[in-house]
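Undergrad: Here is a sequence with its predicted model. Questions after.
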Amino acid sequence: MKTYRNEEAGFEIDIPEEWSLPTGGTQDDIRCLPDEAIHFAIGPLVPECLPDYTEREFTQYARDKGYTNLQFGRVSVGGKEHVWARYHEGHGEWSKKYMLAFGGIGYVITTTGANPTTFAKREKVWDAMVASFRLSEWRKKDILKLKAHRSEIAGQLYEEAYEAVSEGRYSEARDLLERCLSHNSDHILAHKELAVVLKKMGDLKGALPHRREVKRLDPSDTVNRFNLADLLAVLGARDDALREVEELLSMEPYNPTFQALKMGLMGSSLTYPQHYDEVSQQQPGKKCNLKLIKSIIPVSKSPTCLTLVYQWDETLSDEDAKRLGIRAVAYIACAIYDAATKAGLDCQVFEIPHGRRPSWLIGGEKIPISLTLSDIDILNKTCQMTIGAVGVAIGVPPSGGTHWSKSLVGFLFAGFNVRFSNIYV
């Protein structure tokens, strides 16, 4: 590794030895290997968002840009946790964006591999590079001044809680924030952060009144209001959640995140929901949100398939978790049609179901597809499902043509990531 210093932006970072340092231009003049790239974006970040807010905002941004296979994680830099996002931009490129925040300034570092092989090979190198990020002395002094100012405006208790949250010390942060609110019950920042802390600690009911207080104190905070609606939905208060979403849509009628939550709350939001409706009656239980955390097109000589992994956050009994997983499987079995049409594919109901599950025929294909395999992991709160061809012959296949080709699986992959990144079943 060798060190790149940016005195103007107030930081330095170790870059791979095989890269070339700039000779006098900007950080974008760093020369990487031919099949990778790096970009820095530096600017004000006031207020400095908590990781959960950063994830929520980037999720919406990624949807607007058409990114797929979005995943989040944390990276420890400068004694605090920051957000990273891994995603597919299209045209073969895979990127990892590290969103660092120090003292009201955001340092966003985006690394890109020209293909999945390069990405997999270089990701650990990029991780090590970002972990070496450090502020210059003059920036550290500026941050100390900012902390003093924040303490003066919001109070010393809030400042201590803010630091505890950024370092993941949630129990300590909760106690400090509660003390902060005992001195000032209208402290909006304390309410907002306490809602995040309580949810992190599994106390969803405890987080609810703080979300409502933030709405009362600042009705224009749409991020908080979305979190309020989402929290109500998770707690089973569907009608209240719908009212909140309707209010949000009156403010931002074309926001895709708000629209998606409303569709989930309104019902199955499936074109052909019959199988899901039947299973839901047989497997009753509180509806929950599940997030698509992984979508894979396995590389093998076996028939092409698509594997989806959904995860829920709620703490459920084993029986309720099993029922939730069964409902999720039924939902995705029906959702194949909507994901396919969302991706621009011609999809029709096939006359012969796959057992109880519906099967579908993509235009130009000779073999129908269905949800063929599923596995519910109660311990890890996940449900894994595989979509692939089913063994039904359609007459005598003519010469040529496709048979559930990898290119069509790729379209279906995109359709699920765009249309069903979150489900409510």
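TA: Ah, there it is. Numbering: from 1, shown residues only.
Undergrad: Provide a list of residue ranges in the stretch 1-150 of the chain with pLDDT below threshold.
TA: Counting by pLDDT under 70, the stretch 1-150 of the chain shows low-confidence ranges at 23-29, 45-50, 146-147, 149-150.
Undergrad: Tell me which stretches of it form helices.
TA: With helices called from DSSP state H, counting those that start in this stretch, the stretch 1-150 of the chain shows them at 51-65, 116-131, 137-154.
Undergrad: Between the ones you listed, which one is closest to residue 353.
TA: Smallest distance to residue 353 across the helices of the stretch 1-150 of the chain (CB to CB): 32.3 Å, for helix 51-65. Bear in mind the C-beta positions are built from the backbone N, C-alpha and C, glycine included.
Undergrad: Who are the packing partners of the closest one?
TA: Counting contacts by 3 or more CB pairs under 8 Å, 6 or more residues apart in numbering; DSSP states H and E, helix 51-65 packs against strand 68-77, strand 80-90, strand 93-102, helix 188-200, helix 222-234, helix 256-266.
Undergrad: Please identify the buried residues of the second one?
TA: Yep, that's strand 80-90 we're talking about. 80, 81, 82, 83, 84, 85, 86, 87, 88 (16 or more other CB atoms under 10 Å).
Undergrad: before we move on, which element is residue 371 in?
TA: If you go by DSSP states H and E, residue 371 is part of strand 369-377.
Undergrad: what residues does the next helix-or-strand element following that strand touch?
TA: Scanning forward in sequence from strand 369-377 by DSSP H and E, the next helix or strand is strand 382-389. Strand 382-389 is contacted by residues 290, 293, 303-311, 324-325, 328-329, 332, 336, 367-377, 403-404, 412 when judged by CB atoms under 8 Å, 6 or more residues apart in numbering.
Undergrad: Just give the strands next to strand 382-389 in its sheet, each with its orientation.
TA: Its sheet considered, strand 382-389 pairs with strand 305-312 (antiparallel), strand 369-377 (antiparallel) by DSSP bridges.
Undergrad: on that earlier part again, mind putting the buried residues of strand 80-90 into JSON lines with distance to residue 16?
TA: Below are the buried residues of strand 80-90 laid out as JSON lines (distance: CB to CB, whole Å):
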{"residue": "80", "distance to residue 16": "24"}
{"residue": "81", "distance to residue 16": "24"}
{"residue": "82", "distance to residue 16": "20"}
{"residue": "83", "distance to residue 16": "23"}
{"residue": "84", "distance to residue 16": "18"}
{"residue": "85", "distance to residue 16": "21"}
{"residue": "86", "distance to residue 16": "19"}
{"residue": "87", "distance to residue 16": "22"}
{"residue": "88", "distance to residue 16": "23"}
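Undergrad: got the buried residues for stretch 156-163?
TA: Within stretch 156-163, judged by 16+ other CB under 10 Å, the buried ones are 157, 158, 159, 160, 161, 162, 163.
Undergrad: Out of the buried residues of strand 80-90, the closest to residue 132 would be?
TA: Nearest member of those to residue 132, counting by CB to CB, is residue 82, at 13.4 Å.
Undergrad: I'd like to know the beta-bridge partner residues of the closest one.
TA: residue 75.
Undergrad: wait, isn't it in contact with residue 97?
TA: No. In this structure, residue 82 is not within contact of residue 97 by CB atoms under 8 Å, at 10.8 Å.
Undergrad: joint contacts of those two?
TA: Common contact partners of residue 82 and residue 97 (CB under 8 Å, 6+ apart): none.
Undergrad: thinking again about what came up before, can you flag the buried ones in the contacts of strand 382-389?
TA: 290, 304-311, 324-325, 328-329, 332, 336, 367-372, 374, 376, 404, 412.
Undergrad: about what we covered before: could you export the helices of the stretch 1-150 of the chain to a markdown table, including columns for mean neighbour count and distance to residue 315?
TA: Listed next are these as a markdown table, based on neighbours: other CB atoms under 10 Å; distance: least, CB to CB, whole Å:
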| stretch | mean neighbour count | distance to residue 315 |
| --- | --- | --- |
| helix 51-65 | 16 | 18 |
| helix 116-131 | 16 | 31 |
| helix 137-154 | 13 | 32 |
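Undergrad: mind putting those in CSV, distance to residue 353 included?
TA: Shown next, in CSV, are the helices of the stretch 1-150 of the chain (distance: least, CB to CB, whole Å):
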stretch, distance to residue 353
helix 51-65, 32
helix 116-131, 35
helix 137-154, 59
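Undergrad: Minimum distance to residue 2: which of those helices has it?
TA: With CB to CB, the closest approach to residue 2 among those belongs to helix 116-131: 10.7 Å.
Undergrad: Tell me the spacing between the closest residue in space to residue 20 that isn't next to it in sequence and residue 119.
TA: Of all residues not flanking residue 20 in the chain, residue 31 sits nearest, at 3.8 Å (CB to CB, 6 or more residues apart in numbering). According to CB to CB, to the nearest Å, residue 31 stands 19 Å off from residue 119.
Undergrad: hey, C-alpha coordinates of stretch 315-322 in CSV?
TA: Output in CSV follows, covering the C-alpha atoms of stretch 315-322 (Å, rounded to 0.1, in the frame of the first residue of the first chain):
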residue,chain,number,x,y,z
THR,A,315,-39.1,-12.1,16.5
LEU,A,316,-41.6,-14.9,16.1
SER,A,317,-42.4,-18.2,17.7
ASP,A,318,-41.2,-21.3,15.6
GLU,A,319,-44.8,-22.0,14.6
ASP,A,320,-45.5,-18.4,13.5
ALA,A,321,-42.1,-18.3,11.6
LYS,A,322,-43.0,-21.5,9.8
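Undergrad: Give me the distance between that stretch and the centre of its chain.
TA: Stretch 315-322 has its C-alpha centroid displaced from the chain centroid by 23 Å (CA atoms, centre = their mean, to the nearest Å).
Undergrad: Stretch 362-370 too?
TA: Distance of stretch 362-370 from the chain centroid (CA atoms, centre = their mean) equals 31 Å.
Undergrad: Show me the shaky parts of the stretch 151-300 of the chain.
TA: For the stretch 151-300 of the chain (pLDDT under 70), the answer is 151-154, 166-167, 256, 264, 266-269, 299-300.
Undergrad: re earlier: pipe the helices and strands packed on helix 51-65 into TSV and attach distance to residue 3 per row.
TA: Below are the helices and strands packed on helix 51-65 laid out as TSV (distance: least, CB to CB, whole Å):
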stretch	distance to residue 3
strand 68-77	16
strand 80-90	20
strand 93-102	17
helix 188-200	35
helix 222-234	37
helix 256-266	40
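Undergrad: Give me whichever of these is most buried.
TA: Greatest average neighbour count among these goes to helix 188-200 (a mean of 23), per mean count of other CB atoms under 10 Å.
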